[in-house]
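Student: just the structure for this:
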Amino acid sequence: LAGCELTASTKSYTFQVDEEDDSDHILALSVVCLTDGAKDECNVVEVVGRNHENQEIAVPVANLKLSCQPLLSLDNFKLQPPVTFRLVAGSGPVHLAGWHRILHREDASFEEDDDLSEEEEEPELAPIMPAKK
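Tutor: Numbering: from 1, shown residues only. Next up is the predicted model:
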């Protein structure tokens with residue numbers, strides 16, 4: 001599990017991996033929530049990453065307020081490291097939790113997927129017949 005806490009004194013956290021690592025990394029964000037000591041104010045958390053054109057983009061992912069929405073489930077929102085989480089409004093503390101998955105490229109075997117046996121192939125569907133009058 002991966003996690004961090006954003007506060008008035010620690011406004012950002014960057015999750016990064018070793019660039020020389022030959023693995024694919026996925027960071028999935030599960031929950032963003034206010035923790036003990038939070039004030040009843042809007043706390044906006046944004047994610048800063050890179051798009052498919054390698055341009056930096058910032059996207060707000062949570063707007064939490066103690067009296068109306070102290071917790072937000074993000075259903076394993078997947079991100080590609082490096083990624084930075086920033087508290088752009090409010091003083092927190094805001095806790096972010098998720099998981100980090102490492103996919104080793106040498107472990108991926110695509111040859112097995114190509115050799116489907118007859119039992120594994122999807123059955124052919126019968127043609128649709130016109131309705132009888």
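
Student: what's the host helix or strand of residue 64 in contact with?
Tutor: Per DSSP states H and E, residue 64 falls inside strand 56-64. Strand 56-64 is touched from outside by 29, 32-34, 42-51, 69-72, 74, 77, 86, 88, 90, 94, with contacts defined as C-beta atoms under 8 Å, 6 or more residues apart in numbering. The way it works is simple: take the backbone N, C-alpha and C, and place the C-beta from them, glycine included.

Student: what's the answer for stretch 71-86, then?
Tutor: Residues from elsewhere that reach stretch 71-86, judged by C-beta under 8 Å, 6+ apart: 4, 6, 11-17, 25-34, 45-50, 58, 61-62, 64, 96, 98-99.

Student: just the buried ones from these, in PyMOL syntax?
Tutor: Buried residues among the contacts of stretch 71-86 (16 or more other C-beta atoms under 10 Å), as a PyMOL selection:
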select buried, resi 6+15+25+27+29+30+31+32+33+34+45+46+47+48+49+61+62+64+96+98
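
Student: residue ranges with poor pLDDT in the chain?
Tutor: Low-confidence segments of the chain, defined by pLDDT under 70: 1, 21, 105-133.

Student: show me where the chain has its strands.
Tutor: When secondary structure is read from DSSP state E, the chain shows strands at 2-6, 12-15, 23-34, 43-50, 56-64, 71-79, 83-89, 94-104.

Student: nice, that's everything, thank you.
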